[in-house]
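**Student:** Show me the folded form of this:
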Amino acid sequence: MDVEVLERFKEYQLDQKIRTKSEPSNTVVVFRAINSAVAGNKLEQLSKLDDVADEDAGGFLAIQAPGRRTSRERRRTDQLSWRPTFANLTQIDDLWPTAGFKDRSHFVNGVLDGFLPELKRKRKKRRS
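**Tutor:** Predicted coordinates:
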């Protein structure tokens, strides 16, 4: 998952805890995001946002070259632990391929990205 999406995820949980006195579990938040995307018919739209543009088109150097080893650079991603049932996974695995997502991880990241509010701006501390 994208680190920025995880930061928004944590902020959403904290906001819900403050508002309702109960923090939703990771699974509840993921299910809310999926239900919202399905109810709003947004899956195809979200999958298009997940597509990576073709970087090789007209470039001076070929980005994708056969035989080039994979980069070991640090990626701004992390994991999210959530616990769906096998029946839930079957339902989810029926959704993401038909909507055009690359895999289940991209699907969850995409629906969360579409569901979660933007990060609130943090106030800068004044120096005296």
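**Student:** where does this structure have low pLDDT?
**Tutor:** 50-77, 122-128 (pLDDT under 70).
**Student:** in it, which spans are helices?
**Tutor:** Under the criterion DSSP state H, helices of the chain are mapped to 3-20, 26-39, 43-50, 86-99, 104-115.
**Student:** any idea which of those helices is most buried?
**Tutor:** Per residue and on average, the most neighbours among the helices of the chain fall to helix 104-115, with a mean of 21 (mean count of other C-beta atoms under 10 Å). Quick note: C-beta positions are derived from backbone N, CA and C, even for glycine.
**Student:** what residue lies at the spatial centre of this structure?
**Tutor:** The residue lying closest to the centre of the chain (C-alpha atoms, centre = their mean) is residue 109, at 1.8 Å.
**Student:** mind checking how far it is from residue 16?
**Tutor:** 20 Å (C-beta to C-beta, to the nearest Å).
**Student:** re the thing from before, let me know whether the residue nearest to the centre of the chain touches residue 4 as I believe.
**Tutor:** No - the pair residue 109 and residue 4 does not pass the contact test of C-beta atoms under 8 Å, sitting 10.2 Å apart.
**Student:** Please convert the helices of the chain to a markdown table, extending it with distance to residue 80.
**Tutor:** Formatted as a markdown table, those follow (distance: least, C-beta to C-beta, whole Å):
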| stretch | distance to residue 80 |
| --- | --- |
| helix 3-20 | 6 |
| helix 26-39 | 6 |
| helix 43-50 | 16 |
| helix 86-99 | 14 |
| helix 104-115 | 7 |
